[in-house]
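>>> quick one, fold the following:
(2 chains)
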Amino acid sequence: MFAWLPENVSTFGGDIDSVFRFIYYIVGFWFLATQGFLIYCLIRFRRRPGRRPPYLHGNNLSQAAWILLPLVIVLVLDLWIDFRSADVWAKVKVGGPRPDVVIEVTGKQFNWIMTYPGPDGRFGTADDKKVENELHVPVNKVVQVVLRGEDVIHSFFLPQLRLKQDVVPGRAIRAWFQATKPGKYEIPCAELCGFGHSGMKGWLHVHAEAQYKEWARKMWPGS
Amino acid sequence: MSGTTAAAGGHHGEPGGFLRKYVFSADHKMIARQYMFISLFWAAVGGYFAYIIRWQLAHPEADIPLFGRPIGPDEYNAFVTMHGTIMVFFVAMPLLLASFGNFLIPLMIGARDMAFPRLNMLSVWVLGAASALLLLSFFVEGGPAAGGWTGYPPLSARTAYVGADKGMDLWLLALALEFASFLMGGINFLVTPLNMRTRGMGLLRMPLFVWMVMIASLLFLLSVGPLVAGAVMLLLDRNLGTSFFLASGGGDPLLWQHLFWFFGHPEVYVILLPGLGAMMEVMPTFSRKTIFGYRPIIVAVLVAGALSFVVWAHHQYISGLDPRLATPFSVTTILISVPFALIVFALLATLWGGSIRLATPMWFAVGGLAVFIFGGLTGIFNGSAAVDIYIHDTYFVVAHFHSTFFSALFLAGFAAIYYWYPKMFGRMMNEALGQIHFWGTFLFFLAVFVPMHLVGVGGMMRRIANPGQYEFLAPLSGLNRMITMSAVLLLLSQFFFAFNFFWSMFRGRRAPDNPWEGTTLEWTTPSPPPHGNWPGEVPQVHHPPYGYGLPGAGEDWVPQHRPAPSGAGAGR
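Numbers count the residues shown, from 1 in each chain, chains lettered A, B, ... in the order given. Below is the predicted model of the structure:
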C-alpha cells in the first residue's frame, strides 16, 4: 500500500508516514481477526439438519466478557494511536520552528500568488515581488508560508512534503515546512474552489543553496 | 409495562379508491412503499451520476457513453454535488429510516398504525416537494448546485464564485424541506414506539431495529437545528446581501463548517443505525440464534450517539481551526471505535455456534458487516489528525466513507429489502437472481473501493475533474481506469435487482406469513398485512425478540407472541 505514497521530501513527512504505517498494522490486525472469524463462522456453522444452536444472550457479565475483553484491547490501541498522532500533529501544526524564510501565499480563483519580501525580509516594502504559481525556496531551511484567501476557501497541498493547510478568506494562517531534496514539486489546490479547481496548481522549486542565491540575484538584481 | 394497546384510536376501515389507497394514504405501509419508490428513483439518478463521474475520471474529456458528449469542469462539480446530496438525503434517509422505519415500527411493536398518521402522510409529501425542487434545479439557468454536497461558503454564497445561480437556492430549499420532512417523520418514529406498544412489549423487548430507528431519529432531531439555521443564513447571504459567512463583510466562512458538521457527524449515524438494525434482525433469523448482547448493543449505540456530538471538528483539522483543538477531537473520534467494536463483536458472536443459512438477505447482511468493519477501520486513519494532514480531501476519505455508507445503505439496505419484501408486497423475490445480485454487488464494490484507497494514498484530491492535469498523479491513471470499469460492472449488477424487484411484485411466488421463520411480530400477520395490520386482535408479547434455541422450549424457536412454556428461561 505504501508503495503508492509519493516520495517524501520533508523533515516531518517521515513522522506522518510512520503514524500512517503504525495505524495500518493495528487495523490490519483487527481486519484479519474479524474477517477471519466471520469466514470461519460461515463455514463451520453452516446449516446442518438437527443442529441446535446454543442460547447465548450475552446480557450478563460472564457472557458479555467475551466481547468486553477485546474491547479493552481496542481502547488501549486507540490511546496508543492518539498519543503517537498527537505528537506528530503538534510538531507539524502547533507553533513550529523559527523560520529562515517567510513567503506569503494568496489563493485566488484559480492561482496561487506568491509574495516574496525581498532582500529586506519585510513585507509591505518596495522590494516585495509578486509571482503567480512559482514558489522558490532553499533546501534544508525552515520555510514559513503565510496563507491568505482572496475569494473562496482553497487548500495549499504539498503532496511530497505531506503538508496540507486550508486557506480561508479573512485569515492569515501560518504553515511551515523544511524540504530535504532539491527539485520541482506540484502545489495543487485540495479544496473545491469553483469550475477551475481542477488544474489549479503551482510549482514548488526547492533549490540547493547556490541555485537559490542565483534565483534571488535574478529576482532582485543589484542587491 | 406498556399499558396502551394500539387498537385504541385512529383505526378506520380500508380507504377506497385508487387515489385514497395509493396516493393520499395515511397507512404506514403505503407510506413506506412511497418512500421506497422515491428513494429507488433517486438511487437510479445518483448511480447514473456516479457513472458519469467515474467515466470522466478514467477518460477525461472523452465522450461519455449514455451521456453523448464530454462534460466540462463546471458540470463535473454539479454532478459531484448532486451525487452526494442525492445519495445521502434522498436515498439513504428515505430508504433506511423512513421506508423501513415506517413499515416495521408498527408491525414490530404491535400497533395498528403510526402515532400520527396524517403527519406521516405530510412528511412523505414534503419529501416529494423537496424532490421536485431538486429536480427543478437541473433545469434552471446556471445549472444545479455545484459547491460540493457540503456547500462550503464563500464558494456557495456567491454566484460569481460557484457558477450556479438559482440552482444553489433551490438546492438549499430542497434540503430545508427534506429536513422538515424528517423532523415530522422523526416525531412519529419516536412517539410510536414509546406509546403504542402492544401488551407485554416492554421497551427492552422491542426488536433492535426499532431501537436503532428511535436512536437515529433522536440524533437527527437534536442535530439538525444548527444546520437549518445555517441553511437560512446561507440563503440570506445569497439573496439579501448579509455576510454571515463572508469575511469581507465581517462574517466567518468557518461558521458554516461548524454548523454543517455538528449535524453532519450525527447524520452519519442517522443513516448507519437503521442499516445496522436491519443486519441485527436478519442475522439472528438466519443463524437460528438469539442476538448476542441485546442490552450491551443498546448501551453502545447510545454511547456512540452521544460521542457523535463531540467529534465534528475531525472534518476540520486543517481548516484553519486553532490547531490545539485537533488532538481533543482526534481522541473523541478514535474513541468511537470502542462502542462500534462492541457492536461488531456482538454480531460476530451472534454467528458463533449458529445454524447459518446463506439465503440472499443473509449474504447481504454478512457482506454488509464485512464491509462495515473494513470502512470502520479505515476511518481510524482519517481520525488521526497527523495522518489527516496528508489524506484529508483525498480519495482515501472518499473510499473510506463510501465503505461505511455503501455497507449501511446498499448492502444492509438490500438485506432489508430481500428480507421484508415478502411482507411488504406479499410475494417472494427470486433467490437465484438475488444471489447473482449479491455477488456482483459485493465483489465489484470491493474492486471499486479497495483500490480507491490506494488512489488516496497516492495523493489524488477529491473533486478534481481531470487527474491528467497533475504530474504526480500520473502513476494512478491505470488504477483509475480499473476502478471505473469495476464501477460500471457494479452498476450493471443492479439490473438483476431492478428486474427481480418489479418482476417478483407481479410474478413472484406468493409469500407465506412467515417465510423465514422469524420470531418478531411482523411475521404473525398475513403478507401483505391488511389495513390495521392484524385481521383480528393485535398479538400480545410474552418473550424478548429472537427466541431461538431457548433452553427448555420444545421447538428450536419461539415467536414473541407465543405463551411461554414453563421454565423456558425467556421471562426477561
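
>>> confidence score at the closest residue to chain B within chain A?
Nearest residue of chain A to chain B, counting by C-beta to the nearest C-beta: residue A:170, 2.5 Å away. C-betas here are computed from N, CA, C, even on glycine. pLDDT for residue A:170: 95.

>>> which parts of chain A are helices?
Per DSSP state H, chain A carries helices over the ranges A:13-44, A:61-93, A:209-219.

>>> name the residues that touch the last one?
Just to be clear, that refers to helix A:209-219. Residues outside helix A:209-219 that contact it (C-beta atoms under 8 Å, 6 or more residues apart in numbering or on different chains): A:116, A:118-119, A:129, A:136-139, A:182, A:205, A:207.

>>> filter these down to the ones in strands?
Judged by DSSP state E, the contacts of helix A:209-219 include A:116, A:129, A:136-138, A:205, A:207 as members of strands.

>>> okay, now the unreliable bits of chain A?
Along chain A, the model assigns pLDDT under 70 to no residue.

>>> could you list the domains of it?
Per automatic domain parsing, the domain ranges recorded for chain A read A:2-93, A:101-219.

>>> got those domains as JSON lines, with mean neighbour count columns?
Formatted as JSON lines, those follow (neighbours: other C-beta atoms under 10 Å in any protein chain shown):
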{"stretch": "domain A:2-93", "mean neighbour count": "17"}
{"stretch": "domain A:101-219", "mean neighbour count": "19"}
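
>>> could you redo these as TSV and give each row distance to residue B:440?
TSV is the format used below for the domains of chain A (distance: least, C-beta to C-beta, whole Å):
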stretch	distance to residue B:440
domain A:2-93	19
domain A:101-219	31
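
>>> for residue B:158, find the nearest of the ones you listed.
Nearest to residue B:158, of all these, is domain A:101-219, at 8.1 Å by C-beta to C-beta.

>>> give me the distance between the two termini of that closest one.
End-to-end distance for domain A:101-219: 15 Å, by C-alpha to C-alpha, to the nearest Å.

>>> quick one on the thing from earlier: the ones in strands among the contacts of helix A:209-219 also near chain B: which ones?
Among those, not one lies near chain B by C-beta under 8 Å from any C-beta of the partner chain.

>>> setting aside sequence neighbours, what's the nearest residue to residue B:267?
residue B:223 (6.8 Å; C-beta to C-beta, 6 or more residues apart in numbering or on different chains).

>>> show me what the helix or strand residue B:361 falls within is packed up against.
According to DSSP states H and E, residue B:361 maps onto helix B:360-383. In terms of contacts (3 or more C-beta pairs under 8 Å, 6 or more residues apart in numbering or on different chains; DSSP states H and E), helix B:360-383 is packed against helix A:13-44, helix B:253-287, helix B:326-335, helix B:337-351, helix B:385-391, helix B:395-405, helix B:412-425, helix B:431-457.

>>> check the offset of the fourth one from the chain's centre.
To tie it back to what came earlier, the one meant is helix B:337-351. Here the centre of helix B:337-351 is set off from its chain's centre by 20 Å, with C-alpha atoms, centre = their mean, to the nearest Å.

>>> average model confidence for it?
On average, helix B:337-351 scores 97.

>>> for that helix, list the C-alpha coordinates in CSV.
C-alpha atoms of helix B:337-351 as CSV (Å, rounded to 0.1, in the frame of the first residue of the first chain):
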residue,chain,number,x,y,z
SER,B,337,-14.3,2.8,17.7
VAL,B,338,-14.9,1.3,21.1
PRO,B,339,-18.8,1.2,21.0
PHE,B,340,-18.7,0.2,17.4
ALA,B,341,-16.2,-2.6,18.1
LEU,B,342,-18.6,-3.8,20.7
ILE,B,343,-21.4,-3.9,18.1
VAL,B,344,-19.2,-5.7,15.6
PHE,B,345,-18.1,-8.3,18.2
ALA,B,346,-21.7,-8.8,19.3
LEU,B,347,-22.8,-9.5,15.7
LEU,B,348,-19.8,-11.9,15.2
ALA,B,349,-20.7,-13.6,18.5
THR,B,350,-24.3,-14.0,17.2
LEU,B,351,-23.0,-16.1,14.3
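
>>> count of neighbours near residue B:552?
13 (other C-beta atoms under 10 Å in any protein chain shown).

>>> please name the nearest non-neighbouring residue to residue B:446.
With C-beta to C-beta, 6+ apart, the residue lying closest to residue B:446 is residue B:371, at 7.8 Å.

>>> so where is the stretch 1-150 of chain B shaky, pLDDT-wise?
Counting by pLDDT under 70, the ranges of the stretch 1-150 of chain B that qualify are B:1-15.

>>> now with 80?
B:1-20 (pLDDT under 80).

>>> give me the residue from it nearest chain A.
For the stretch 1-150 of chain B, C-beta to the nearest C-beta, closest residue to chain A: residue B:74, 3.9 Å.

>>> tally of neighbours for the residue of the stretch 151-300 of chain B found nearest chain A?
Of all residues in the stretch 151-300 of chain B, residue B:247 sits closest to chain A, at 2.5 Å by C-beta to the nearest C-beta. If you count neighbours by other C-beta under 10 Å, residue B:247 ends up with 18.

>>> tell me the contacts of it?
Residues in contact with residue B:247, defined by C-beta under 8 Å, 6+ apart, are A:149, A:168-171, B:154, B:253.

>>> what of residue B:52?
Shown in contact with residue B:52 (C-beta under 8 Å, 6+ apart): B:64, B:67, B:71, B:79.

>>> tell me the most packed of the residues you listed, by neighbour count.
Among the contacts of residue B:52, the one with the most neighbours (other C-beta under 10 Å) is residue B:79, at 22 neighbours.

>>> tell me if I'm right that that one and residue B:71 touch.
Yes - the pair residue B:79 / residue B:71 is scored as a contact, 7.0 Å apart, by C-beta atoms under 8 Å.
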